[in-house]
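# My questions are about this predicted structure, shown below with the sequence.
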Amino acid sequence: MKVLVVGSGGREHALAWKFAQSERVETVFVAPGNAGSALEQGVKNIEIGSTDVEGLVNFAGQEGIGITVIGPEGPLDMGIVDRFREAGLHCLGPTKTASKLEGSKGFAKEFMQRFNIPTGRYQIFSDLADAKEYVRTQGAPIVIKADGLAAGKGVVVALSEDQAMLALEQIMSEGRVGEAGQTVVIEEFLEGEEASFICICDGKTAIPFASSQDHKARDEGDLGPNTGGMGAYSPAPVVTPEIHQAVMTNIIKPTVDGMAAEGAPFVGFLYAGLMIDSLGQARVIEYNCRFGDPEAQAIMMRLDSDFLEVCERALSGKLEGYELSFDQKTSLGVVLAANGYPDQYEKGHPISGLSNQVTNTKVFHAGTAVKDKKVVTNGGRVLCVASLGEDIMEARTKAYERIDLLDWDGMFFRKDIGHKAVTRR
Ligand code: AMP
Ligand code: GLY
């Protein structure tokens, strides 16, 4: 079977790499992909952008693609799954309506309230003065979230009232995130430890992947600005077997049942971003309607099951009773970023050391391109170096060993990925 993966990041390289290991997969196409997917065995890039929905539908039809899997949220929010379905093509992901779980934070909050899914207290505002008044009554810390998709720039965790007011001004009146900020959700600040809980769903049943934890802050010690994610590892020990069970019962099942009951059954990857408090209670910080990046890189390192099979089951409504199997080892992925990320950064620097090998490590590409036969930087998050180890310590040592062999002008990375799991030991 031919498979198409839509997107160009580290997540898409990891998904394509995993698909290529499946015996029944003939070729994996990635649109548009990066240098990593271009060089991967059994994988080919095609020059169609991830939001060129018509171009992707035409390509999938002409090439006889058996399954298309969507990486990023943008095309899902545009209704790419609906368009593929109209064209009689199999595309794994939620419909435009079901994608609102990620595409509108207000929708997600009201949905959770309707189905009693644990989450922080909140209110929704479209008027700046009302929003400010609410902040005054609540005090700080408090969290301001643009309603729509904002590529990681729509959430401000305000530690003071002044900071919250400034965020409201920027989002609601100065257009910092464009239309996405016309409405905001103001949410209670939740304390605890975060974890990423990702499932594959067929509209009725959700099957969990191994747990993982991202590192959203740019700098060591979880300081600095919010990013798309600077590293991840799996499993996340904060998700004990008891918490895992409770999340399935109190969060994932009611989410899948609720979406079905409202006529928008969720098919695809459902990602619940959780905050787990000191009593072990998990609450939803946000939903994503796709795989996480860099969580995908860490999780795919451990996935033993055939990825094509589970995707086919999700598309045909046959996930009930199925289980995914994972390597017992711990995986860890460290993102190597370009100087200046998450703001302005340079592109086009040649990357050295890519041909070096360290056992049980894999370099997933994100913002890379091939130029004059050389791999050069082409984005903010450039690579994700992933590893497998007997425990978090070994996984960490291996990943950083491989990183020592890589370099480009302006490369930076966090040296403490996995620190919460290390401290727990
Ligand atoms: P998001 O873009 O929704 O993933 O939010 C970015 C980050 O902001 C999250 O990963 C959390 O670290 C933080 N955050 C979001 N909502 C809350 C909340 N209610 N309480 C505390 N931290 C939050
Ligand atoms: N790593 C967080 C995300 O994919 O949204």
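Alright, I've got the coordinates. Ligands and ions are numbered 1, 2, ... in the order given.

# Residues of this protein that sit close to ligand 1?
120, 143, 152, 155, 157, 187-190, 194, 216, 226, 273, 285-286 (CB under 6 Å from any ligand atom). (Glycine included, C-beta is placed from N, CA and C.)

# Show me what residue of the stretch 201-350 of the chain gets nearest to ligand 1.
E286 (3.8 Å; CB to the nearest ligand atom).

# Quickly list what that residue is bridged to.
G273 (DSSP bridges).

# I figured it hits A108, correct?
Yes: using CB atoms under 8 Å, E286 makes contact with A108 at a distance of 6.9 Å.

# Spatially, what comes nearest to the residue most central in space within the chain if we skip its sequence neighbours?
Centroid check for the chain by CA atoms, centre = their mean gives G292 as the closest residue, at 1.7 Å. Closest residue in space to G292, ignoring its immediate chain neighbours: S196 at 5.1 Å, by CB to CB, 6 or more residues apart in numbering.

# G74 now?
T51 (5.4 Å).

# In three-state terms, label the one you found for me.
In three-state terms, and counting by DSSP: H, G, I helix; E, B strand; the rest coil, T51 is coil.

# who touches it in this structure?
Counting by CB atoms under 8 Å, 6 or more residues apart in numbering, T51 touches 74-75, 78.

# Could you double-check that I65 sits in contact with F19?
No: judged on CB under 8 Å, I65 makes no contact with F19 at a distance of 11.7 Å.

# on that earlier part again, from the residues of the chain next to ligand 1, list the buried ones, please.
120, 143, 155, 157, 187, 190, 194, 216, 273, 285-286 (16 or more other CB atoms under 10 Å).

# Take the residues you listed and keep only those in helices.
In helices, defined here by DSSP state H, there are no members of those.

# got a list of what the residue of the stretch 301-425 of the chain found nearest ligand 2 touches?
As assessed by CB to the nearest ligand atom, ligand 2 sits closest to V335 within the stretch 301-425 of the chain, at 9.7 Å. Shown in contact with V335 (CB under 8 Å, 6+ apart): 10, 229-231, 294, 366, 381, 383-384, 413-414.

# that older thread, correct me, but the residue nearest to G292 touches E295?
Yes: in this structure, S196 is within contact of E295 by CB under 8 Å, at 4.8 Å.

# ok but A60 is inside a strand, no?
No: per three-state DSSP, A60 lies outside any strand segment and is helix.

# All further residue positions should be reported with the first residue as 26.
In the new count, where the first residue is 26, that last one comes out as A85.

# Rank the residues of the chain next to ligand 1 by pLDDT and give me only the lowest.
Taking those together, the minimum pLDDT is found at G177 (76).

# so where does that residue fall, helix or strand?
Counting by DSSP states H and E, no helix or strand carries G177.

# Torsion angles phi and psi at it?
Here is the backbone geometry of G177 (degrees, to the nearest 10): phi 80, psi 0.

# In contact with the closest residue to it other than its chain neighbours, which residues?
Using CB to CB, 6+ apart and skipping residues adjacent in sequence, the residue nearest G177 is G253, 5.4 Å away. By CB under 8 Å, 6+ apart, the contact set of G253 is 176-177, 318, 367, 405-406.

# just checking: which of the residues you listed also lie near ligand 2?
Near ligand 2, by the rule CB under 6 Å from any ligand atom, you find D318 out of the contacts of G253.

# Noted, bye for now.
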